[in-house]
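>>> sequence first, predicted coordinates after that:
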Amino acid sequence: MPIKPLFSHGPIPGYRFFFCVLAASALMFVDQRFTRMEDVRAQLTMVVAPVQWVVSLPSDLLNWGSLVLSDQQALVDENRLLREQILTLSHRGQRLANLTSENAELRELLSAAERTDIPYMSAELLSLDNDPFSHQMVIDRGHRNGAYVGQPVIDAFGLVGQVTAVSAYSSRVLLLADASHALPVQVNRNGLRFIVQGTGRYDSVSVLHVPDTADIREGDLLTTSGLAGRFPPGYPVARVTEVYHDPGQPFAQVSAVPSAQLTRSRHFLLLFPPPLEQEDESLLWDASMTISPAAIHASERLGDAASSEVPNG
């Protein structure tokens, strides 16, 4: 039986711990200061991608099993509900076709640039961040599919967030509710522009720096304004739920609930908005320009039709 040495010849455990802490701190510093680590992280994420797929497999199997074992009556009710939704969307689509035609006519009369449809790509949820202080998720689309950092992400109800990190086969998305996320919005009713910031809660966001006399009320829909070029304009962001006026304070406290189903959605769309182009000098307004009566009449008709389409509350 070999005799154990009285003193170990390896490094002291305290030094090992100190070395690990020092190495971790150095890696965090390099990751924060240098962009080359992003390529390293992207390559390492390729190793984690199969693990993420295996982790999400039980959930996919559970959803598939619940669909197979669903009651026939439940499927009939769901089918009826989907048919009603299709009929409602078809009615709205017919109205939107008329509004689109009038909008195109109005923009042509004003010599405005033509708006084009925004391409998109579908994606599915892989995992959610376990950190309670960080609201992020991982989706199954990476740079091999065309995803890029800063890309807007939406679901069937509104804006979800934006892509913050991209690997070969997956991407990390910062959700709208995260406390570090903010974006410019506008009130759909009157066009007032504000900044919406996450609160760290899925069911609430804050509208920042709202003057106490601003025309904003409960039920107002907040949409993306298109400023800064990150998010295309017109997508639902949140709906105002509370406006509190504190006497003596210059700003009101405004809270809103996100339009997107941040805790329920599993399928998303990644948008590909067109890049910002330099403004054409030929389209700039001149004092000698006049608006024709036909343009004014078309604008009034478009405003009345759009107001009738906006739901109350």
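Noted; the coordinates are in hand. Quick caveat, the model's predicted, so the values are computed rather than measured.

>>> buried set for the helix or strand residue 121 falls within?
Using DSSP states H and E, residue 121 maps to strand 120-128. Using 16 or more other CB atoms under 10 Å as the test for burial, strand 120-128 gives 123, 125, 126, 127. Where you see a C-beta, it was placed from the backbone N, CA and C, and this is true even at glycine.

>>> which residues touch it?
52-53, 55-56, 136-141, 145-147, 153, 170-171, 265-272 (CB atoms under 8 Å, 6 or more residues apart in numbering).

>>> for the buried residues of strand 120-128, which one is nearest residue 80?
Nearest to residue 80 out of those is residue 125 (CB to CB; 27.3 Å).

>>> so what's that closest one bridging to?
Following DSSP bridges, residue 125 is listed with bridge partners residue 139.

>>> hey, where'd the strands end up in the stretch 201-313 of the chain?
204-211, 221-224, 236-244, 251-258, 267-271 (DSSP state E, counting those that start in this stretch).

>>> deepest-packed of those, please.
The highest average neighbour count among the strands of the stretch 201-313 of the chain, using mean count of other CB atoms under 10 Å, belongs to strand 221-224 at a mean of 23.

>>> got any ranges where this protein has weak pLDDT?
For the chain, the stretches with pLDDT under 70 are 1-14, 34-49, 52, 67-68, 70-71, 111-115, 276-313.

>>> relative to residue 165, which of the strands of the stretch 201-313 of the chain is closest?
Per CB to CB, nearest to residue 165 of those: strand 267-271, 13.8 Å.

>>> setting aside sequence neighbours, what's the nearest residue to residue 245?
residue 252 (5.2 Å; CB to CB, 6 or more residues apart in numbering).

>>> doesn't residue 244 make contact with the one you found?
Yes - using CB atoms under 8 Å, residue 252 makes contact with residue 244 at a distance of 6.3 Å.

>>> run through who's touching stretch 194-211.
Counting by CB under 8 Å, 6+ apart, 133, 135, 175-187, 216, 222, 237-238, 240-241, 243, 250-258, 262-263 sit against stretch 194-211.

>>> and residue 136, what does it touch?
128, 129, 164, 172, 173, 174, 175, 178.

>>> just residue 19 next, same as before
Per CB under 8 Å, 6+ apart, neighbours of residue 19: none.

>>> kindly report the same for residue 236.
With CB under 8 Å, 6+ apart, residue 236 has these contacts: 157, 158, 159, 221, 222, 223, 259, 260.

>>> mind doing that once more with 6 Å?
Residue 236 sits next to 158, 223, 259 when contact means CB atoms under 6 Å, 6 or more residues apart in numbering.

>>> which one of those is nearest to residue 104?
residue 223 (20.1 Å).
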